[in-house]
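*Asks:* structure, please.
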Amino acid sequence: MRQWQRWSSTTIPSLIEPYLTYRRLSRNFRDVVDYELPQCNCQSSRRLKVPFYIFLSLLSLVSGSKTVDLMVCPCVPAAVQLVRMGFFPCAPLGPTLAVSLPVLSLVRQLFMHTPLNISAWSESLEAYLGGMGYEVDTKGGIRRRFGNAYHWYCILEISLEEYIQQCLQGSAPSPSGPCPGLSSFQDPCSKKWPSEYLRKRCPLCFVNGLLIVSFASSSNIDAIVCIDACFTQKRRSGLQDDPVNPTATVFLSQEEIDSMENEVDGLRKKKPSDEEDGFEQGMRIPTSVLKNCNESFTAADEKRQKASTQFFSDTGVMALLCCHDRVIHLANMTSAGEKQHYALALIKSLFSHLPDNFHIGLLYDIGCQLEQSCRKWGFLKPFLPRISFAISVFHAFGHQWPCQLIYHPRKREGFGLSDGEGCEHFWSSIKGLIPSLRVSGFHQCLFVIDFQVHYLDGKSLTGLGQWLLRRWNHCQAKKASAIKGLRKSEWAAQVAVQTKPTPHKLITDNHYLLLTIMATQKSLENYETRLEELEKDLLHGASDMTSLNIQLSECHQKVKSFKQALQKQKATLGVNGLADLATLQSNSYLQLRMHALAIKTRIRDRLRQRKFELERLERSYRQTVSEQRLQNHTETSVKQREPGIVKLCTNYNNMCAQMAALIHQGKAPQGSIAPVLIPRDALFKLDVDDDIWQDAGLEDDTGRFPPAWLADENVRSGIRSLLELRRCEEEERRLLHERRMLMEWFSEEWSRLQRARQGSNDDLAYELDCHASALASLCLRWQTALRDFPSLHDENWGATNEELNSKMLISPLLATSSDEEESLDDLAFEDEEGLEVLDDELLCVAEEFALADEYHQQFKSCFPKGHQQMSLG
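*Replies:* Numbering: from 1, shown residues only. From the prediction side, this is the model:
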């Protein structure tokens with residue numbers, strides 16, 4: 001621990017200046033630097049022999065192992081001398097190994113693109129050097145020492161970049177001052193424009209105040225973000241705690257998360273449920289629809305793989321990303337489920353960096369539930385008027401149709417063509433970290449993910465120009481198809497009708513109770529018919545009278561039980577319910593309509609379950625034995641469901657045909673319309689505009705002429721085209737705005753660079769020139785990608801092409817080896833051999849039992865004993 005503190009507080013800050021000098025003299029590791037060892041007559045000086053590994057030439061891959069004698073003292077520490085020579089020590093005071101800086105740079109680049117494995121790299125290096133005749137310490141090897149040198153070299157790179165960023169902001173401290181840490185990212189919001197932290201997170205979403213005002217006039221959403229949780233990024237319990245790394249992080253602190261959890265627990269109170277269905281304050285869909293959405297996702301949530309707190313101390317990660325798939329904040333999860341306070345903490349942290357007039361569009365799998373909780377309990381009360389909630393496209397099928405009408409991003413204003421699936425892309429990009437982070441320390445785990453986020457930021461920044469062009473072309477293609485058919489006047493009427501609340505919540509219960517009564521009556525009639533047949537056989541005599549008497553006794557018992565059940569069911573209907581039952585029994589059309597609606601509801605539920613199961617296959621991040629077994633089981637389950645769904649669809653279409661025939665024969669109520677058939681070829685898509693969501697002709701809407709949005713297919717197609725056109729127009733405005741933001745961001749960065757270049761010393765000037773070369777390369781790449789993008793009338797990048805090309809001529813290799821945009825997947829370098837790693841398949845099985853035990857405990861605590869017996873019986 002003391003060595004860790006020495007690295008953080010003293011050694012790393014003292015190495016920034018010699019590291020800058022070495023980078024300048026070696027021209028970013030391309031030349032060998034001759035360094036003369038200093039002569040010091042301090043009384044505390046001592047001689048230190050350090051072995052080191054070096055690549056004499058990266059191009060010819062000639063390598064070797066040597067030793068060097070150093071005279072070290074407090075005036076000239078060993079770490080400073082080694083860095084000036086081009087090596088990095090494994091310890092701050094008395095290192096027993098030093099590694100060449102080009103070697104560490106190569107390893108850093110390697111582990112940015114492949115899963116990091118310090119043990120494999122060290123063993124390979126030992127074998128390679130041993131084959132060349134060099135002696136390697138066989139007692140402990142070089143793995144731990146190499147891992148230590150590599151880890152702190154990465155921190156030195158991060159610290160150097162933070163120092164350069166502070167220079168560009170005009171407030172750079174002395175290189176020998178405190179090591180840059182969390183405070184460099186947590187700037188207070190100026191309330192005029194987004195903070196410097198957000199500006200660094202995404203240059204297209206968070207801009208200065210003048211541009212916010214100009215864009216807000218065309219849309220009430222200034223930036224679009226998405227939230228999602230991942231339960232594969234979990235860490236086993238029982239691991240040794242590790243110290244905090246002295247670097248900035250995108251993770252929320254545990255104090256912020258705990259504070260929000262306490263706030264949620266304090267505001268949430270138990271309220272009785274209302275019998276009447278209606279709209280809660282601020283909501284646009286009734287409570288019955290929200291309840292059904294919640295039940296749908298609760299059922300699906302039980303099928304999602306989660307982590308037991310019995311085996312894992314950290315169970316997952318929740319992410320907040322912008323619409324350009326750039327990470328804004330992450331939250332480490334310690335609960336077995338996806339609790340709301342994590343999402344609320346992320347949103348609150350985002351708004352702490354935003355001005356008071358900034359509006360956010362939020363895409364979340366259960367955005368409807370999150371908005372209901374915020375309005376019901378008062379969560380995020382100061383920020384709620386500036387949030388527009390929506391659901392991600394991928395999970396829209398799990399919501400009720402009225403909910404999709406309001407919260408689907410293709411139906412809701414301001415979201416353009418955003419889909420909210422940026423988090424899925426992020427989970428896929430860090431899936432290679434899963435095996436190593438399972439056995440890492442807590443702070444090491446955060447450090448590794450932070451470093452990967454840093455690498456992805458640089459990769460995303462390079463491709464922003466191509467991203468804008470790709471989105472523009474996609475928008476234009478969809479806009480051209482939408483213009484062909486439009487119908488503007490019917491959309492509002494459709495939303496008003498299909499999102500209205502039911503008069504009473506009991507209506508839905510009566511609907512299913514009527515179906516149950518009719519099924520009970522049908523069963524009773526069958527058993528009474530069977531009883532008559534058995535009595536006839538008894539009168540005419542039978543060969544096996546014993547068997548006949550047994551069947552008669554069983555049949556009498558069944559008839560008695562069904563009569564009692566029917567009597568109890570009718571007693572719960574009431575006067576109006578009995579009248580509805582009499583009407584239903586006397587009208588074959590109404591019976592068909594009720595059965596068809598029940599079947600269609602069942603089809604939707606089965607399709608949702610199938611989609612949720614397919615989601616597991618699409619999220620196969622790693623293929624262990626247990627994961628492969630789970631995937632095979634899911635594939636089999638999906639295939640087994642399909643015939644049953646197809647059969648239900650056939651029965652439903654047959655009922656619709658019978659209803660159409662009754663309407664044609666005049667045996668249906670006046671004004672009845674035939675339901676729309678479910679096409680077999682589009683049965684499993686569950687797209688937002690499919691006919692599977694429409695219950696036209698299946699509800700009590702007779703006695704009036706059907707509206708055009710319901711009965712006229714041309715109008716319905718026109719409404720879809722209208723909505724798509726509106727979203728395309730929003731997307732156009734946003735993309736044009738973001739193109740200007742890209743230009744403004746570069747212009748500001750370029751001007752900052754020129755100001756910082758003035759009066760800087762040789763080492764800093766060289767580093768700033770490298771940064772200018774990387775920026776020039778970035779700008780030229782963006783300009784090339786945006787040639788086919790509509791240009792702005794006042795386009796000004798802040799630098800001419802001649803200036804950009806002249807910066808590129810400084811060194812052709814600088815733009816491709818910029819350390820600013822490089823990052824690394826860093827594995828923990830703890831003693832992996834010392835860990836007793838459980839068999840992965842056995843651990844998964846044990847975790848499933850633990851989750852089952854937790855579920856049963858929660859079930860017992862929520863219901864009284866008598867209710868449990870009734871439910872289990």
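*Asks:* any stretches of the stretch 651-800 of the chain with poor pLDDT?
*Replies:* 670-671, 680-716 (pLDDT under 70).
*Asks:* helices along that one, start to end?
*Replies:* 708-711, 713-757, 762-785 (DSSP state H, counting those that start in this stretch).
*Asks:* turn the ones you listed into CSV, including distance to residue 318 and mean neighbour count.
*Replies:* Where you see a C-beta, it was placed from the backbone N, CA and C, and this is true even at glycine. Output for the helices of the stretch 651-800 of the chain, formatted as CSV (distance: least, CB to CB, whole Å; neighbours: other CB atoms under 10 Å):
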stretch, distance to residue 318, mean neighbour count
helix 708-711, 39, 18
helix 713-757, 26, 19
helix 762-785, 31, 20
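*Asks:* let's have those helices in TSV, adding distance to residue 402.
*Replies:* What follows is those, written out as TSV (distance: least, CB to CB, whole Å):
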stretch	distance to residue 402
helix 708-711	14
helix 713-757	16
helix 762-785	42
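*Asks:* and of those helices, who's closest to residue 798?
*Replies:* helix 713-757 (3.0 Å; CB to CB).
*Asks:* okay, the angle between that closest one and helix 762-785?
*Replies:* On the basis of axes from the mean of the first three to the mean of the last three CA atoms, to 10 degrees, helix 713-757 is oriented at 160 degrees to helix 762-785.
*Asks:* helix 713-757 - contacts with which helices or strands?
*Replies:* helix 143-168, helix 209-216, helix 464-483, helix 491-498, helix 708-711, helix 762-785 (3 or more CB pairs under 8 Å, 6 or more residues apart in numbering; DSSP states H and E).
*Asks:* need the next SSE after the first one, C-terminal direction.
*Replies:* Toward the C-terminus, helix 143-168 is succeeded by helix 196-201 as the next helix or strand (DSSP states H and E).
*Asks:* check the second one too.
*Replies:* Counting by DSSP H and E, the element after helix 209-216 in chain order, helix or strand, is strand 223-230.
*Asks:* what residues does that next one touch?
*Replies:* For strand 223-230, contacts defined as CB atoms under 8 Å, 6 or more residues apart in numbering pick out 205-206, 316-323, 328, 333, 338, 342-343, 346-347, 350, 358-365, 392, 415-416, 418, 420-424, 427.
*Asks:* go through the helices of the stretch 651-800 of the chain and name the closest to residue 7.
*Replies:* Among the helices of the stretch 651-800 of the chain, helix 762-785 sits nearest to residue 7 (CB to CB), with 22.2 Å.
*Asks:* quick one: average pLDDT of the helix or strand just after the closest one?
*Replies:* Using DSSP H and E, the next helix or strand after helix 762-785 towards the C-terminus is helix 801-808. Across helix 801-808, the average pLDDT comes to 83.
*Asks:* out of the helices and strands packed on helix 713-757, which comes closest to residue 541?
*Replies:* Nearest of the helices and strands packed on helix 713-757 (CB to CB): helix 708-711, 62.2 Å.
*Asks:* low-confidence ranges in the stretch 451-600 of the chain?
*Replies:* Answering for the stretch 451-600 of the chain: the residues below the bar, that is pLDDT under 70, span 485-516, 518-519, 522, 542-544, 573-591, 594-595.
*Asks:* any chance you could map the helices in it?
*Replies:* 464-483, 491-498, 505-540, 545-571, 574-585, 588-618.
*Asks:* how about the stretch 201-350 of the chain?
*Replies:* So, for the stretch 201-350 of the chain - with DSSP H, counting those that start in this stretch - the helices run 209-216, 254-267, 287-301, 340-351.
*Asks:* helices or strands up against the second one?
*Replies:* So the one you mean is helix 254-267. strand 327-333, helix 340-351.
*Asks:* name the residues that touch it?
*Replies:* With CB under 8 Å, 6+ apart, helix 254-267 has contacts from 331-332, 339-342, 344-345, 348-349, 377-379.
*Asks:* tell me the secondary structure at the closest residue to residue 393 other than its chain neighbours.
*Replies:* Nearest non-adjacent residue to residue 393, counting by CB to CB, 6 or more residues apart in numbering: residue 419, 4.1 Å away. With DSSP: H, G, I helix; E, B strand; the rest coil as the basis, residue 419 sits in coil.
*Asks:* just put the helices and strands packed on helix 713-757 in CSV and tack on distance to residue 81.
*Replies:* Below are these laid out as CSV (distance: least, CB to CB, whole Å):
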stretch, distance to residue 81
helix 143-168, 15
helix 209-216, 49
helix 464-483, 42
helix 491-498, 73
helix 708-711, 79
helix 762-785, 17
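*Asks:* picking that back up, looking at the helices of the stretch 201-350 of the chain, which is closest to residue 141?
*Replies:* Across these, closest to residue 141 is helix 254-267 (CB to CB), at 35.4 Å.
*Asks:* also compute the angle for that closest one relative to strand 327-333, please.
*Replies:* Using the same axes, to 10 degrees, the direction of helix 254-267 lies 70 degrees away from that of strand 327-333.
*Asks:* just to revisit the earlier point, counting neighbours, what do you get for the residue nearest to residue 393?
*Replies:* 17 (other CB atoms under 10 Å).
*Asks:* how many residues are close by the residue lying closest to residue 31 once chain neighbours are set aside?
*Replies:* Leaving aside its chain neighbours, residue 31 sits nearest to residue 25 (7.3 Å; criterion: CB to CB, 6+ apart). Using other CB under 10 Å, residue 25 has 17 neighbouring residues.
*Asks:* what's the local residue count around the spatially closest residue to residue 345 that is not a sequence neighbour?
*Replies:* Nearest non-adjacent residue to residue 345, counting by CB to CB, 6+ apart: residue 260, 3.9 Å away. Close neighbours of residue 260, defined as other CB under 10 Å, add up to 24.
*Asks:* can you check residue 169 too?
*Replies:* Residues near residue 169, counting by other CB under 10 Å: 13.
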